[in-house]
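In: sequence and predicted structure are below.
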Amino acid sequence: MARLKAFQGVVQQNADIADSVVVYIEEAHPSDGWMSTDAPYQIPKHRCLEDRLNAAQLMHLEVPGCLVVVDSMENSSNAAYGAYFDRLYILQEGKIVYQGGRGPEGYRITELRDWLDQYRERLEKSNNLVIHV
């Protein structure tokens, strides 16, 4: 939960320079499998896309204002991005410009925040250019 709150803060702080998307993948700690003792929700293993969509609604409540999309039951996004359990990415013009480590150990919201802060500085500098004609 703390990670989601930190992510929410970064989303809100940078809404003017970045669009944020959460891709909800397969449940890492399903209630009918290897359940985490501190899980805020009891979500069973997704057996169909409807199960995954219903679980994603909870995610949407945790990060309001952020688009939440759902991976296919074949887990194609998860496989393509190596996201299991969670992972942070920044894409710019269709290219990955930041790839965080795999969670939970490699999930570092501070790295994401630092990248966005540096990007904001570059934007501000480019807006302050004086062109002599």
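Out: Received the coordinates, thanks.

In: who's in contact with the spatially most central residue of the chain?
Out: Geometric centre of the chain, nearest residue: Val22, 4.3 Å, by C-alpha atoms, centre = their mean. Residues in contact with Val22, defined by C-beta atoms under 8 Å, 6 or more residues apart in numbering, are 59, 63, 66-69. C-betas here are computed from N, CA, C, even on glycine.

In: tell me which two in the residues you listed are the farthest apart.
Out: Across those, no pair lies farther apart than Val63 and Val69, at 12.1 Å, counting by C-beta to C-beta.

In: higher neighbour count, the two?
Out: Between Val63 and Val69, counted using other C-beta atoms under 10 Å, Val63 has the larger neighbour count: 18 against 10.

In: so who does the more buried one touch?
Out: Contact analysis of Val63 by C-beta under 8 Å, 6+ apart lists 4, 7-8, 11, 20, 22.

In: partners of Ile90 in the sheet?
Out: Beta-bridge partners for Ile90, by DSSP bridges, are Tyr98.

In: thought it was touching Trp115?
Out: Yes: if you go by C-beta atoms under 8 Å, Ile90 and Trp115 touch, sitting 6.1 Å apart.

In: so what sits against both of these two?
Out: In contact with both Ile90 and Trp115: 97-98, using C-beta under 8 Å, 6+ apart.

In: give me the buried positions along the longest helix along the chain.
Out: The longest helix of the chain (DSSP state H) is helix 109-127. Residues 109, 111-113, 115-116, 119 are the ones in helix 109-127 that count as buried (16 or more other C-beta atoms under 10 Å).

In: if I look at Ser41, how far off is Tyr107?
Out: Ser isn't right for residue 41; it's Tyr. 18 Å (C-beta to C-beta, to the nearest Å).

In: those two: which has the busier surroundings?
Out: Between Tyr41 and Tyr107, counting by other C-beta under 10 Å, Tyr107 is the more crowded of the two (18 against 13).

In: need the three-state assignment for that one.
Out: coil (DSSP: H, G, I helix; E, B strand; the rest coil).
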